[in-house]
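Chemist: Structure of the sequence below:
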Amino acid sequence: MRTIFSFLIFSFLISYNIFPQYTSRDSELVKTTFRREFNHQIILQYLNSKDDQKVNSALLSIAQSEDTSWVKEILNLKFQKFGDNICFSLGELGQCSTSANFLIKQILDKNNSHHLIHSALEALGKIGGNNSFIFITNYYFKNHSADLNGISLALYNFSIRNIGDKDITYKILLNELTTFDKPSQRNYEAVFALFRTYFPSDSKDIFIKELKDFVELKFSRNSYTLNTIPYLLNCLKKLKYFPADFQLFNSLIKSNNFDIKVAAANSLINYPYKTKQELDKYLILLNDPNSNVARSAAVSIKEIKLHQELMNYLHNSLKIKLYSNKLEKNTQGELFNSYIKLFKINFEESMEFEKIIPQEYFYQVLGNYNYSHIALNFLINKFTSANNKEKIILLESALQFQNKIGDDSELRNFIVKNIDSDFPPLIATAADGIDSISIAKEKESLSSIILNQVKKYYNNPDFQESIMSLAMLSQKIGNSFYKNVLNQLAKSDFYPIKKFAYKLQDKSTLHLINTDKNFENFWSNAFRYKKAEVKTSKGNFTIEFLPQFAPISVGNFCYLTEQKFFDNNSFHRVVPGFVIQGGDPEETGWGGPEYDIVSEFSPLNYDAGIVGMASAGKDTEGSQWFVTTGSFPHLNGRYTIFGKVIKGLVIANKILQGNKIISINLIRN
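Modeler: As a prediction, this is how the structure comes out:
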């Protein structure tokens, strides 16, 4: 088995045309990267080495630095040999005209492979300005489109930085989707970029035609086909449209592919239903063997549009299902939420479900009754006896009553009291959600609370996101007060908070040092284990580690696993067709190990089965990790990748929110 697993991970790296970088001999380089010192002497020694592995390691380290002074050194390297990592590093370092001009030169070089041109284009979109956008799009239209493999990701990266012309972007992406042979990487990247950027309402016929073409290809099992269909369906969902094509409808409902079926559950609510039989066909999804498909249907059904007779039929059908106790907890809860919104059920009527629906889902709908003092009193009364997860939900619902119920001192006091809480999620939720009227009326008490909370917790990693939220709230109170808060945060011994304050003060962060003492704990585990078997209440799956790209993240995961940190945790966040996420002992989405680790971005891509680290921004990772269930380029270079599921991905796709991680077994070989 050892040979098979080694071959699998090597094939995975070859598929990216990227070779391993860090090794167990690179402690000094990894340590200076971990500390965010980026020691020039150490890095230059690696960068000027005759050993390709060391050069690649140096490029990976530099990519984390946000320091464009490294560009000159990078451009001295041989592009044909180190092109992928050069492009990645330049793209991560930030906007730089020298880097952009270099990348354009490589894109136009006929001696470079399509793969290297793809890497250069993706990086150009991250750092190029408007002139780069104009040059590369003009080149595309001058009959050079075939040369620009990767143009879609470049345009996506330009777009999220608000650079370029939307109509030109749309025209090129449409050409990429419809012109090139199917199935291909170019089709897939084009529809991904369209979904994430811009397309006009008259695109629906094009998406339908492409969808039909790709559905006909689905049994080819080509990954580009299976990745493209969900994005086409998601585009139609954004347009709130699906054609009266029952054959297409039926083929999607019957799909055996998890991602396609989840996307179909989301999109087919826009099918123009005419009969009960057609509607029943969709409602079958609520009892799908994969409960994540069922949950997707339950969430989406609140947007369905039906004629009155069918709406009455749906009302009765959903009520029966809610009372039946035959649905999974998550599906029942989401369906209740949709039922309340779809049929505008009043608060008194909703109370008949209080003992039937899981509490957290019942509390979620209370915000729909933000006009009702009775609902608000019910909510506040429930808060005291609620568990921590329920308290977060109740507070989120309470915030929706602002500006709806009129001036209510009890509501204001409730929100302010949560800002003064000792539970980080409540502090952040209340600070982020309090409205301007409440801020104005409670300005004096809020100022006192914020200063006390900041002084109390500014060195505490568990309160990192809360402290950031309090800083943003202080800005709304007044500029002078905001400056005082930032001055306090800038004194923090905790690297992420200090860096956060420096950036808001427009101070350079290049010379800040991460003083975390845990490096040796992480490094000792970074290359010790090859794999981990994750035992869950749904079955088991196996992760292959990638310390070559993320040694600190691997070492941290193994260090926590050895302490049984993950045992009996739940997957607290599951987004069907996207990710399953665990690693929070509090199971609220806010918990961690009482320290942070640094980000380790790499040129690897987020495909199905990739294991990444959750974060609240760069260098804020802790213990929460996730597995992607599909392909998501928008995560690339923005979240650390430290492993890949090599066995049991079908189990990961079945994980439901609330399912347990029973234990994790580390494997050396």
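
Chemist: Name the helix or strand for residue 349, please.
Modeler: Using DSSP states H and E, residue 349 sits in helix 347-350.

Chemist: quick one: average pLDDT of that helix?
Modeler: Mean pLDDT, helix 347-350: 96.

Chemist: Likewise for stretch 375-388?
Modeler: Average pLDDT, stretch 375-388: 96.

Chemist: rewinding a little: just the buried residues of the very next helix or strand once past the helix holding residue 349, please?
Modeler: Per DSSP H and E, helix 347-350 leads on to helix 359-364 as the next helix or strand towards the C-terminus. Using 16 or more other C-beta atoms under 10 Å as the test for burial, helix 359-364 gives 359-364. Yep, even glycine has a C-beta here, placed from its N, CA and C like the rest.

Chemist: do stretch 589-596 as well
Modeler: Neighbour counts over stretch 589-596 (16+ other C-beta under 10 Å) mark 590-593, 596 as buried.

Chemist: ok, of the residues you listed, which one's closest to residue 78?
Modeler: For the buried residues of stretch 589-596, the residue nearest residue 78 by C-beta to C-beta is residue 596; the value is 36.5 Å.

Chemist: Helices of the stretch 1-150 of the chain, start to end?
Modeler: Counting by DSSP state H, counting those that start in this stretch, the segments of the stretch 1-150 of the chain that form helices are 2-15, 27-34, 40-47, 52-62, 71-74, 79-93, 97-108, 114-127, 130-139.

Chemist: what's the shortest one packed up against?
Modeler: Using 3 or more C-beta pairs under 8 Å, 6 or more residues apart in numbering; DSSP states H and E as the contact definition, the elements that helix 71-74 packs against are helix 79-93, helix 97-108.

Chemist: at 10 Å instead, please
Modeler: On a contact count with 3 or more C-beta pairs under 10 Å, 6 or more residues apart in numbering; DSSP states H and E, helix 71-74 meets helix 40-47, helix 52-62, helix 79-93, helix 97-108.

Chemist: ok now that helix, how far from the chain's centre?
Modeler: Remark: helix 71-74 is offset 31 Å from the chain centroid, using C-alpha atoms, centre = their mean, to the nearest Å.

Chemist: Would you mind listing where this structure has pLDDT under the threshold?
Modeler: Low-confidence segments of the chain (pLDDT under 70): 1-20, 218-221.

Chemist: residue farthest from the centroid of it?
Modeler: residue 309 (40.1 Å; C-alpha atoms, centre = their mean).

Chemist: any idea how far residue 303 is from that residue?
Modeler: 19 Å (C-beta to C-beta, to the nearest Å).

Chemist: try residue 164
Modeler: 31 Å.

Chemist: With neighbour numbers in mind, choose between those two.
Modeler: The neighbour count for residue 164 versus residue 303, taken as other C-beta atoms under 10 Å, is higher for residue 164 (24 against 14).

Chemist: Buried residues in the helix holding residue 349, which are they?
Modeler: Those buried within helix 347-350 under the rule 16+ other C-beta under 10 Å are 347, 350.

Chemist: Convert it to CSV, retaining C-alpha atoms only.
Modeler: Provided in CSV are the C-alpha atoms of helix 347-350 (Å, rounded to 0.1, in the frame of the first residue of the first chain):
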residue,chain,number,x,y,z
PHE,A,347,-45.4,34.1,14.8
GLU,A,348,-48.4,32.6,16.5
GLU,A,349,-48.8,30.0,13.8
SER,A,350,-45.1,29.2,13.9
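
Chemist: Wait, the residue farthest from the centre of the chain touches residue 276, no?
Modeler: Yes: Residue 309 lies in contact with residue 276 (C-beta atoms under 10 Å); the separation is 8.7 Å.

Chemist: got the contact list for residue 24?
Modeler: 30, 523, 526-528, 547, 551 (C-beta atoms under 10 Å, 6 or more residues apart in numbering).

Chemist: now do 7 Å
Modeler: Shown in contact with residue 24 (C-beta atoms under 7 Å, 6 or more residues apart in numbering): residue 527.

Chemist: Phi and psi next, for it.
Modeler: phi -70, psi -10 (degrees, to the nearest 10).

Chemist: now do residue 581
Modeler: phi -130, psi 130.

Chemist: re earlier: from residue 279, how far off is the residue farthest from the centre of the chain?
Modeler: Separation of residue 309 from residue 279 (C-beta to C-beta) stands at 11 Å.

Chemist: before we move on, what about residue 529?
Modeler: Separation of residue 529 from residue 279 (C-beta to C-beta) stands at 51 Å.

Chemist: show me where the stretch 201-350 of the chain has helices.
Modeler: Under DSSP H, counting those that start in this stretch, the stretch 201-350 of the chain gives helices at 204-216, 223-239, 246-253, 258-267, 276-283, 291-300, 308-324, 329-342, 347-350.
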